[in-house]
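**Student:** have a look; sequence and predicted model below, questions after that.
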Amino acid sequence: MSSPLALPSEEALETALARLGLATFRPGQREAIETLLARGRLLLVAPTGGGKSLVYQLPACVLPGTALVISPLVALMHDQVRALAARGIPATYLAATLDGAEVRARMRLVARGGVKLLYVAPERLSAPGFRTLLADLECPLVAIDEAHCISEWGHDFRPEYMEIGRLLETFPAPLVLACTATATPVVRDEILARLGLPADTPQLVRGFARPNLSLRALDVDAAKERTRAVDAALVEALGSPREAAARGTAILYAPTRRSAEQEGERLARAGWPSAVYHAGLEPAARDAAQGAFASGAARVIVATNAFGMGIDRPDVRAVVHLAPPGSIEAYYQEVGRAGRDGAPALGLNCCATPRAAAAATMRSCATSATKRRRCPAAAAATCACASPKVATTRRRPKRPR
């Protein structure tokens, strides 16, 4: 899989930049590319919308062979492959959403050296046929996108993330890049350890300031007050439903699947071209919602935290949270999807006041008490209704809902 690597010239890099449709580098991109090429290893932490994908796409264009990009979501792969194809750069992806004949055809194309970038999910790495393909592939670069998932999901939700380190050990590549928008020092150390990269691997951590984003937090006492705040934010960002097509899009994050569906129905009744996305939907329904948002048919999407990773719409004018997300890292990832084109955008975080939170807790307790009364096993303490869950000592990030 690996071979001696001749580093590209400055002229080759500039030519590749123009081929990708860009006139200049964004802040930090040139430094990241030069560090990767010079040192062979790099952990890059840069803001959402900061152009991390260029750090592996540009070297892939100028180096011989096929770069391997390991990405967590099919939507992310599809969007990037489509954008590269529009620029005349051959790329493809392998995913479980493709039928067997299509996967085999794409693998034959890769084996012939017909693409510059190959995108796969971590689950693909353990497939015997794929390992055989890698063994004969000239691969100058392995890039791990959304590398924080190694820490967040690798332990249980998607254990295949643990295979990446073994892959790099079995098929060493001249260049290895891990990139993410959010990673604490502890998570960065875990990423390096899980990938088997040396402790002295360069780490470029860029500032997270986004001057074009107007971030707001609003205390809300009741659902009606939150509804008024959401409607006001949409009008500010997009104008009326009829004007939205000319002004951009918006993402609303809901804390539960049910609340996502309820808010989506409300917005549809109000005339907003909208879609709903959460992990409880059938794959075809999720793909339809994703496609509607990507094409602009849906100007507003209401979703749980299952939506958004890898979304590359530059014109998201507002990201609204109907309730605070589970962590500051999650909030940063999600609100950072606004204003990727550098134009003004807003982020609104609706926070329940102590009174509203207490009322919600009381309703939850009443519901639980009713459930226990109706459950015969609860009296004998043989059912989950009988006692609350005990918190674990280590808090793991929430899975996509």
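**Tutor:** Nice, thanks for sending it over.
**Student:** ok, the closest residue to residue 335 other than its chain neighbours - contacts?
**Tutor:** Spatial nearest neighbour of residue 335, chain neighbours left out: residue 347 (3.9 Å); criterion: C-beta to C-beta, 6 or more residues apart in numbering. Quick note: C-beta positions are derived from backbone N, CA and C, even for glycine. Going by C-beta atoms under 8 Å, 6 or more residues apart in numbering, residue 347 touches 213, 214, 215, 216, 318, 319, 320, 321, 335, 338.
**Student:** quick check, residue 347 in a strand?
**Tutor:** Yes - assessed with DSSP: H, G, I helix; E, B strand; the rest coil, residue 347 lies in a strand.
**Student:** okay, now the domains of the protein?
**Tutor:** Following automatic domain parsing, the chain resolves into domains at 10-205, 213-353.
**Student:** in CSV: those, plus mean pLDDT.
**Tutor:** Below are the domains of the chain laid out as CSV (pLDDT from 0 to 100):
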stretch, mean pLDDT
domain 10-205, 89
domain 213-353, 91
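**Student:** how about the strands in the chain?
**Tutor:** For the chain, the strands defined by DSSP state E occupy 41-45, 67-70, 91-94, 117-120, 141-144, 175-180, 203-205, 213-220, 249-253, 274-277, 300-303, 316-321, 345-352.
**Student:** so what's residue 93 bridging to?
**Tutor:** With DSSP bridges applied, residue 93 shows beta-bridge pairing to residue 119.
**Student:** residues near it, how many?
**Tutor:** Using other C-beta atoms under 10 Å, residue 93 is surrounded by 23 other residues.
**Student:** quick one: residues contacting it.
**Tutor:** Residue 93 touches 74, 77, 78, 81, 106, 118, 119, 120, counting by C-beta under 8 Å, 6+ apart.
**Student:** with adjacent residues omitted, what lies nearest to the first one?
**Tutor:** In other words, residue 74. Closest to residue 74 by C-beta to C-beta, 6+ apart is residue 95, at 4.6 Å.
**Student:** got a list of what that neighbour touches?
**Tutor:** 74, 77, 120, 121, 124.
**Student:** same question, residue 324
**Tutor:** 331, 349, 350, 351 are the contacts of residue 324 under C-beta under 8 Å, 6+ apart.
**Student:** roughly how far does it sit from residue 161?
**Tutor:** 27 Å (C-beta to C-beta, to the nearest Å).
**Student:** neighbours of the nearest residue to residue 268 once chain neighbours are set aside, how many?
**Tutor:** With sequence-adjacent residues excluded and distances taken as C-beta to C-beta, 6+ apart, residue 268 is closest to residue 274, at 5.3 Å. For residue 274, the count of nearby residues is 26 (other C-beta under 10 Å).
**Student:** what of the one 10 residues further on?
**Tutor:** Neighbours of residue 284 under the rule other C-beta under 10 Å: 8.
**Student:** what of residue 159?
**Tutor:** 12.
**Student:** any idea how far residue 125 is from it?
**Tutor:** Relative to residue 125, and taking C-beta to C-beta, residue 159 is found at 11 Å.
**Student:** the residue nearest to residue 268 and residue 299 touch, don't they?
**Tutor:** Yes - judged on C-beta atoms under 8 Å, residue 274 makes contact with residue 299 at a distance of 7.2 Å.
**Student:** neighbour-wise, which of the contacts of residue 347 leads?
**Tutor:** Result: residue 338 is most packed of the contacts of residue 347 (other C-beta under 10 Å), 31 neighbours.
**Student:** I figured that residue hits residue 345, correct?
**Tutor:** Yes - Residue 338 lies in contact with residue 345 (C-beta under 8 Å); the separation is 3.9 Å.
**Student:** list the residues that contact both of those two?
**Tutor:** Common neighbours of residue 338 and residue 345 (C-beta under 8 Å, 6+ apart) are 213, 316, 317, 318, 319.
**Student:** chain neighbours aside, what residue packs nearest to the fourth one?
**Tutor:** Right, the one you point to is residue 318. residue 237 (3.7 Å).
**Student:** what sits against the one you found?
**Tutor:** 247, 248, 250, 317, 318, 345, 346.
**Student:** now swap in residue 52 and tell me
**Tutor:** Counted by C-beta under 8 Å, 6+ apart, residue 52 has contacts 44, 46, 145, 179, 180, 181.
**Student:** among these, give me the pair with the biggest separation.
**Tutor:** Pairwise distances across these (C-beta to C-beta) peak at 11.8 Å, for the pair 46 and 145.
**Student:** need the residues touching each of these two.
**Tutor:** 52, 179.
**Student:** could you find the closest non-adjacent residue to residue 315?
**Tutor:** In space, residue 315 is closest to residue 248, 3.9 Å off (C-beta to C-beta, 6+ apart).
**Student:** contacting residues around that neighbour?
**Tutor:** Counted by C-beta under 8 Å, 6+ apart, residue 248 has contacts 237, 238, 299, 315, 316, 317.
**Student:** if I read this right, residue 141 contacts residue 173, doesn't it?
**Tutor:** Yes - assessed by C-beta under 8 Å, residue 141 is found in contact with residue 173 at 6.1 Å.
**Student:** which neighbours do those two have in common?
**Tutor:** Common contact partners of residue 141 and residue 173 (C-beta under 8 Å, 6+ apart): residue 68.
**Student:** what's the PyMOL syntax to select whichever of the contacts of residue 324 are buried?
**Tutor:** Per 16 or more other C-beta atoms under 10 Å, the buried members of these correspond to this PyMOL selection:
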select buried, resi 331+349+350
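**Student:** from the contacts of residue 324, which is closest to residue 264?
**Tutor:** Nearest member of those to residue 264, counting by C-beta to C-beta, is residue 350, at 16.2 Å.
**Student:** quickly list what that closest one is bridged to.
**Tutor:** Applying DSSP bridges to residue 350, the residues it is bridged with are residue 218.
**Student:** so what does residue 324 have for phi and psi?
**Tutor:** With angles defined as degrees, to the nearest 10, residue 324 sits at phi -60, psi 140.
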